[in-house]
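Visitor: Structure for this input, please:
(one chain, ligands or ions: 1)
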Amino acid sequence: MFYKDRAGSAGSMTIPPAAASHAAGAYLPEESSLPKAKSSAQMPVAAVAPVRLAPVVAPSGPSLFEAVEKVKDDTLPRIREDLGECTRCKLHKGRNKIVFGDGSAKAELVFIGEGPGADEDAQGLPFVGRAGKLLTQMIDAMGLHRKDVYICNVVKCRPPGNRAPEPDEVHECSPFLLRQVDAIKPKVIVCLGAVAAKTLLQTTRGISQIRGEWLEWRGRKLMVTYHPAYLLRNPPAKADVWKDLQKVMVELGLPLPKKKQSS
Ligand code: URA
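Guide: From the prediction side, this is the model:
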């Protein structure tokens, strides 16, 4: 694998400022207008504050990622250069644009999705379609902006018909993802959905079992939560995601929205 062998930005939606979202008590949005208030009373701060590092079910032997050596002084431009006009897997045949990743190279928070959809493939940017609009609103609800975080995917080319990436595709592409995370050195990684979670953690545990727990991955804190596309189909799950993101906010020292005053 090349990685072992080595020597050594959104759509046209209008998003309200985070402060305004907080002031309105509008945290995680409904589909079109995401943040919809979940009162702090329903989600007490005490319930989200403790940090618990839960063990991940260990595969037998080192995972693909434990086996991958770090590239010294790696940078995002260098990783992009190494990726090139990639033809390592069959996904290149149907792609329009490689979706490398977007955001701050110094982000404390990295979101990892599954793979580009049609909008991402057309624009070359991650999470710019309908699910992306929701993710952007989630980021705003945390008091951040897209430019403050880094957003990328397990695979960088669109799987046909938006199917899940296949193991050979993940195998070829994920070393670049690892290098991106290593180069950015975030405090927290958030896996959006089962594909990202299973790819990074190499676990067979289902997403509903592992979401919302603090996990450890290559020395970094990792949180699994539901994919925004799932939230579009199941809006009630937004409450769970908001709980997960509040844990991330605590970890990053971000202020939690103030409790609503009861009149
Ligand atoms: N879904 C993903 O997992 N990633 C994207 O970039 C867009 C939609």
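Visitor: Just to check, residue 90 is in contact with residue 169?
Guide: Yes - when contacts are counted by C-beta atoms under 8 Å, residue 90 is listed as touching residue 169 (7.1 Å). Heads up, the C-betas are built off the backbone N, CA and C, glycines and all.
Visitor: So for these two, which sits in the more crowded spot?
Guide: residue 169 (21 against 14; other C-beta atoms under 10 Å).
Visitor: Phi and psi next, for the more buried one.
Guide: Dihedral angles of residue 169 (phi, psi; degrees, to the nearest 10) stand at phi -70, psi -40.
Visitor: cool, the one 10 residues further on as well?
Guide: Geometry field for residue 179 lists phi and psi as phi -60, psi -40, criterion degrees, to the nearest 10.
Visitor: same deal with residue 246?
Guide: Per degrees, to the nearest 10, the backbone of residue 246 is at phi -70, psi -30.
Visitor: Is it in contact with residue 254, as I believe?
Guide: No - Residue 246 lies out of contact with residue 254 (C-beta under 8 Å); the separation is 9.1 Å.
Visitor: Now residue 86: which helix or strand?
Guide: For residue 86, there is no host helix or strand (DSSP states H and E).
Visitor: now swap in residue 229 and tell me
Guide: helix 228-233.
Visitor: same question for that helix, mean pLDDT?
Guide: Averaging pLDDT along helix 228-233 gives 98.
Visitor: Run through the neighbouring helices and strands of it.
Guide: Other helices and strands packing on helix 228-233, by 3 or more C-beta pairs under 8 Å, 6 or more residues apart in numbering; DSSP states H and E, are helix 130-141.
Visitor: Show me how far the helix holding residue 229 is from its chain's centre.
Guide: Computed by C-alpha atoms, centre = their mean, to the nearest Å, the chain-centroid distance of helix 228-233 equals 14 Å.
Visitor: Stretch 101-120 too?
Guide: 7 Å.
Visitor: again with stretch 75-88
Guide: Between the centre of stretch 75-88 and the centre of its chain there are 20 Å (C-alpha atoms, centre = their mean).
Visitor: and that stretch, which residues are buried?
Guide: For stretch 75-88, a neighbour-count test (16 or more other C-beta atoms under 10 Å) marks 76, 79, 82, 83, 86, 88 as buried.
Visitor: want to throw those residues into JSON lines with secondary structure, distance to residue 104 and pLDDT?
Guide: Shown next, in JSON lines, are the buried residues of stretch 75-88 (DSSP: H, G, I helix; E, B strand; the rest coil; distance: C-beta to C-beta, whole Å; pLDDT from 0 to 100):
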{"residue": "76", "secondary structure": "helix", "distance to residue 104": "10", "pLDDT": "98"}
{"residue": "79", "secondary structure": "helix", "distance to residue 104": "15", "pLDDT": "97"}
{"residue": "82", "secondary structure": "helix", "distance to residue 104": "20", "pLDDT": "96"}
{"residue": "83", "secondary structure": "helix", "distance to residue 104": "19", "pLDDT": "97"}
{"residue": "86", "secondary structure": "coil", "distance to residue 104": "23", "pLDDT": "98"}
{"residue": "88", "secondary structure": "coil", "distance to residue 104": "27", "pLDDT": "97"}
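Visitor: Poorly predicted segments of the chain, please.
Guide: Residues of the chain that meet the criterion pLDDT under 70 lie in 1-68, 262-263.
Visitor: and of the buried residues of stretch 75-88, the nearest to residue 182?
Guide: residue 79 (9.3 Å; C-beta to C-beta).
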